[in-house]
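Trainee: Quick one: sequence and predicted model below, then my questions.
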Amino acid sequence: MASIILFLFDYIQDLHEQIYKLLLIIIRSNSFRQWKHEEFHSPKYQKFKTDTLPIIRKFYEQDYLFLIEYYKYKYNKLLKPVKRKSEIEIPEGTYCPRCKAPHIYLYPNNGLKGQFSCKVCNKKFNPNNRADNPLTLLCPHCQHTLEKVKSRKFFFVHKCRNEKCPYYLTNDRKLPKDLSHKEKSKYKLHYIYREFTVDFFKMDLSALPDWATSFKFKKKNAHIMGLCLTYHVNLKLSLRKTAQALKDVHNVDISHTMVANYARTAAVIIKPFVDNYDYNPSNDLAADETYIKVRGVNTYIWFIMDTISRSVLGYQVSDNRSVGPCILTMRMAFNKFKKFPGKDLNFIADGYSAYPLAAQQFAIEDDKLFDIIPVIGLTNDDDVSREFRPFKQMIERLNRTFKTSYKLTCGYDNLDGANYSVGLWVAYYNFLRPHQVHNNKRPLNEIEELSMANNMPAKWQLLIFLGQQTILNQQLKNTT
């Protein structure tokens with residue numbers, strides 16, 4: 001018996017050594033060499049990295065006559081025209097784009113290649129290209145002029161093509177030595193900047209849609225409207241099941257189209273109150289995006305929540321997953337602050353590049369400086385993930401809570417339907433839904449007017465009343 005145990009023990013040790021050797025071979029294999037390239041393990045995630053802002057050089061027009069006089073005053077001699085030694089002639093109509101110096105002060109800078117240089121202001125230019133751009137973008141690592149390489153829906157992509165750029169050389173040294181040129185092109189090596197063509201900071205977040213109407217009850221009344229919202233939003237029934245429930249339980253004959261009209265108009269009226277309520281947010285925010293279906297096509301919902309009070313501060317429905325909807329959602333959340341916390345703000349998100357890009361735009365356009373805390377992956381492989389993982393899990397649970405009501409709809413027919421559905425759900429989540437965070441399962445935000453109502457249809461009617469009051473107050477402010 002003892003000999004069998006010793007034999008099995010030796011056999012297990014041999015297996016352990018073989019497994020150890022195999023692991024060393026796997027780690028040294030080419031499939032894991034891409035791990036050396038910065039924090040992402042695969043080249044397909046390189047596009048998620050956001051570079052620092054470029055150097056912006058502005059174009060200033062000058063007067064060559066003033067510069068000539070200044071040269072005479074400083075050096076006590078006259079700046080003479082160029083003495084031609086080469087056979088290259090400068091056309092008489094050519095002038096410097098910066099100081100407007102005529103052709104007698106210009107000389108060829110690179111031979112027959114077409115670049116000229118001005119003797120007065122030292123401006124180098126090519127008359128066949130645009131040399132008077134109001135802004136010039138420079139690489140912050142090598143001061144090389146960026147080139148526009150791609151045009152996207154909301155932005156242009158500018159790239160530094162300097163092969164001697166320190167940023168490019170540092171990234172190139174981190175790659176495996178035996179990579180082919182085709183595999184090497186999959187990695188992000190050059191500096192890239194995205195110039196946005198749409199100003200997302202001037203968009204009105206509180207504008208009412210064209211289809212918004214007022215409540216006019218010809219056959220029904222406000223109580224039936226409250227019942228429709230209670231069954232449809234609180235109890236997560238579809239439009240047709242809501243109409244059927246009203247028929248079976250309350251003997252109210254109503255069509256599912258009328259239920260949709262009630263819900264859509266109520267969402268428009270309640271939205272200003274939900275968006276302008278004083279939530280008194282904390283400095284800990286979490287953001288995430290999830291997808292829904294609109295006519296079978298992926299559409300995205302962005303959420304930003306206060307991880308302390310659990311309230312939803314920002315939400316947006318978009319047909320794309322670009323940085324534009326991310327900026328609009330952040331604006332909606334940041335408007336809740338009476339004083340923006342700046343660097344004291346803990347903004348937790350995943351590794352998606354839209355969040356740091358949006359933070360860059362806030363620093364440029366709105367003077368709001370804050371850092372994005374990325375919680376990447378599902379395991380706590382670093383100190384940042386271990387510290388902020390609970391906050392990321394809160395926003396993930398929020399997504400799952402929303403999906404429980406969304407899955408019953410089997411998707412939406414259009415973006416308007418998705419917008420009013422999400423707006424009603426956020427109003428219900430913030431003001432009506434009982435939460436386990438409170439011992440007696442009270443709503444996240446308690447309002448005195450809602451506490452006077454003893455049933456849910458009445459609370460929906462009061463929410464609509466508060467929304468109407470908010471719209472009237474905004475209209476009075478705009479007129480005055």
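Mentor: Structure's in. What do you need?

Trainee: so where's the longest helix in the protein?
Mentor: Looking across the chain with DSSP state H, the single longest helix is helix 2-27.

Trainee: Can you name the next helix or strand after that helix?
Mentor: Remark: after helix 2-27, the chain's next helix or strand is strand 55-58, criterion DSSP states H and E.

Trainee: my read: residue 240 touches residue 256, true?
Mentor: Yes - judged on C-beta atoms under 8 Å, residue 240 makes contact with residue 256 at a distance of 4.6 Å. Where C-beta positions appear, they are placed from N, C-alpha and C, glycine not excepted.

Trainee: who has more neighbours, the two?
Mentor: residue 256 (16 against 12; other C-beta atoms under 10 Å).

Trainee: now what about stretch 93-111, what contacts it?
Mentor: 59-64, 67, 79, 81-82, 84, 86, 88, 90-92, 115-121, 123-125, 127, 131-132 (C-beta atoms under 8 Å, 6 or more residues apart in numbering).

Trainee: Just the buried residues from those residues, in ChimeraX please.
Mentor: To isolate the buried members of the contacts of stretch 93-111 in ChimeraX, using 16 or more other C-beta atoms under 10 Å:
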select :62,64,67,79,90,115,116,117,118,119,120,121,123,125,127,131
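
Trainee: Counting neighbours, which bits of stretch 144-158 end up buried?
Mentor: Buried, per 16+ other C-beta under 10 Å, within stretch 144-158: 144, 146, 154-156, 158.

Trainee: Dump those to CSV, plus pLDDT, distance to residue 192 and secondary structure.
Mentor: Putting these into CSV (pLDDT from 0 to 100; distance: C-beta to C-beta, whole Å; DSSP: H, G, I helix; E, B strand; the rest coil) gives the following:
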residue, pLDDT, distance to residue 192, secondary structure
144, 88, 13, coil
146, 89, 9, coil
154, 78, 15, coil
155, 82, 11, strand
156, 87, 11, strand
158, 90, 7, strand
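
Trainee: Would you point out the most distant pair within the residues you listed?
Mentor: 144 and 154 (25.3 Å; C-beta to C-beta).

Trainee: before we move on, the earlier item: now do the longest helix of the chain: which elements does it pack against?
Mentor: Applying 3 or more C-beta pairs under 8 Å, 6 or more residues apart in numbering; DSSP states H and E, we find helix 2-27 packed against no helix or strand.

Trainee: Pretty sure residue 428 sits in a helix.
Mentor: Yes - assessed by DSSP: H, G, I helix; E, B strand; the rest coil, residue 428 belongs to a helix.

Trainee: okay, now it: neighbour count?
Mentor: Neighbour tally, residue 428, other C-beta under 10 Å: 22.

Trainee: ok, now which ones touch it?
Mentor: Taking C-beta under 8 Å, 6+ apart as the test, what residue 428 contacts is 233-234.

Trainee: What separation do you get for it and residue 435?
Mentor: Distance of residue 428 to residue 435, given as C-beta to C-beta, to the nearest Å: 11 Å.

Trainee: can you check residue 266 too?
Mentor: From residue 266 to residue 435 the distance is 22 Å (C-beta to C-beta).

Trainee: Comparing these two, which residue is more hemmed in?
Mentor: residue 266 (26 against 13).

Trainee: helices or strands next to the host helix or strand of that one in the packing?
Mentor: Residue 266 belongs to helix 256-276 when assigned by DSSP H and E. If contacts are counted by 3+ C-beta pairs under 8 Å, 6+ apart, helix 256-276 sits against helix 222-229, helix 239-250, helix 415-431, helix 456-479.

Trainee: Low-confidence ranges, the stretch 251-400 of the chain, go.
Mentor: The model of the stretch 251-400 of the chain has no residue with pLDDT under 70.
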